[in-house]
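K.L.:
Provide a 3D model corresponding to the input given below.
(one chain, ligands or ions: 2)
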Amino acid sequence: MNTLLFKNADNDALSQCGELLRQGELVCFPTETVYGLGANALNAEAVSKIFKTKNRPADNPLIAHISDFDMIHQVALSIPDDMKELTDRFWPGPLTIVLPRKKDLPDIVSAGLDTVAVRCPDHPIATALIRAAGVPIVAPSANLSGRPSPTCLAHCQEDLTGKIAAIIDGGECSIGVESTVLLPLGDRKVKILRPGGITVDMLQDIGFDVEVDPAVLNPVKEGQKVSSPGMLHRHYAPKAPLTIVRGEFEQVCDTILKTMDEETWVLAFEEYLDRFPRAVSFGSKSDPLSQSQALFRALREFDRLPCNKIYAMEPAEDGMGLAVRNRLLRAASFQIIDAEDLK
Ligand code: TXA
Ligand code: MG
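P.N.:
Ligands and ions are numbered 1, 2, ... in the order given. I've put the predicted structure just below:
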């Protein structure tokens, strides 16, 4: 298939892409988190193309993207008052809420669940595209399943050129990791199923009681029930095995330096980059947003390098750090080692 590339999201591009979506084709577009692979949420056949194209497991449900709050009624049955408070505060933005699903929404969107995840993205191209299509748009991250989510045009082209109708370039994504996914528990209580740009502190600051699902920072055991099917699937892994090295940063650098060989690369905070002969930047140690912007790009980069082992420095857990740590742990298949045990 010939994939159209729109370098500018002008009116003509948006109306062509809106038409493609209405016709049941897939269009890749930028959001503030990562690029999405969009399809008309109301067309089951179009949605099934997403699963085929990405090779996505059929049990992993999709997020419905809307351009205006009122569109929520096309996908969700209702929204509790406390969740309306969150959408008023954080939409448009990197917040996805799991809600009761409208019965006539195609089953495939929710992978058979009776809920639907909904998000209103904060990106002018995403908003304009959804408006041009005139329907809610389901959009997983625009990577092939298992690969790091795309945060720029080149990543989308790498995975999707020749497989979908069109790609719209929107430059770099400003956040770089996917949205926060919340499960409402009633009475201003929520459970974070996936951490992202709307952080625990931001929710607590407005009086919400926040629980973080154990699967955010721990491997799911075989047979264990999970709140979000996405937690079960292998994610973001570069080809070479990645290990997180824990400890005081100076000691971490020293022990990695002693053990690394010609094909070892390091995912290092900027402050320590020049300590290593082979390292890729992981943003600044004190700025988790710079880490989230750097992570997926770095993981893709390792696959292009002559690399058979990766060591990563350990991000903090607070604020945006929780989202960074969650993605890095998955990329590392939860391999984490104390600096003193590194041999
Ligand atoms: O930032 C984002 O959310 C990006 C951009 C494109 O908007 N999209 C994205 O979609 O990350 P995806 O499909 O890669 O991740 C959706 C996550 C998965 O972990 C999935 O299991 C979970 O949301 N999810 C979707 N529907 C759900 C539901 N009804 N209940 C629980 N979890 C759900
Ligand atoms: Mg994804």
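K.L.:
most proximal residue of the chain with respect to ligand 1?
P.N.:
The chain approaches ligand 1 most closely through G230 (2.0 Å), counting by CB to the nearest ligand atom. The way it works is simple: take the backbone N, C-alpha and C, and place the C-beta from them, glycine included.
K.L.:
which ones are touching the residue nearest to that residue when sequence neighbours are not counted?
P.N.:
For G230, ignoring the flanking residues on the chain, the nearest one in space by CB to CB, 6 or more residues apart in numbering is N60 at 5.5 Å. By CB atoms under 8 Å, 6 or more residues apart in numbering, the residues touching N60 are 111, 140, 229-230, 233.
K.L.:
at the contact with ligand 1, which residues of the protein appear?
P.N.:
Listed as neighbours of ligand 1 in the chain under the rule CB under 6 Å from any ligand atom: 31, 33-34, 36, 60-63, 96, 98, 110, 113, 115-117, 119, 121, 139-141, 178-179, 181, 193-194, 228-230.
K.L.:
now list the buried members of these.
P.N.:
Taking 16 or more other CB atoms under 10 Å as the criterion, what is buried in the residues of the chain next to ligand 1 is 31, 33-34, 36, 60-63, 96, 98, 110, 115-117, 119, 121, 139-141, 178-179, 181, 193-194, 228-230.
K.L.:
let me have the contacts of N60 in JSON lines, extended by pLDDT and secondary structure.
P.N.:
Formatted as JSON lines, the contacts of N60 follow (pLDDT from 0 to 100; DSSP: H, G, I helix; E, B strand; the rest coil):
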{"residue": "A111", "pLDDT": "94", "secondary structure": "coil"}
{"residue": "P140", "pLDDT": "98", "secondary structure": "coil"}
{"residue": "P229", "pLDDT": "74", "secondary structure": "helix"}
{"residue": "G230", "pLDDT": "73", "secondary structure": "helix"}
{"residue": "H233", "pLDDT": "66", "secondary structure": "coil"}
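K.L.:
just give the nearest non-adjacent residue to C17, would you?
P.N.:
Once flanking residues are discounted, C17 sits nearest to V27: 4.8 Å by CB to CB, 6+ apart.
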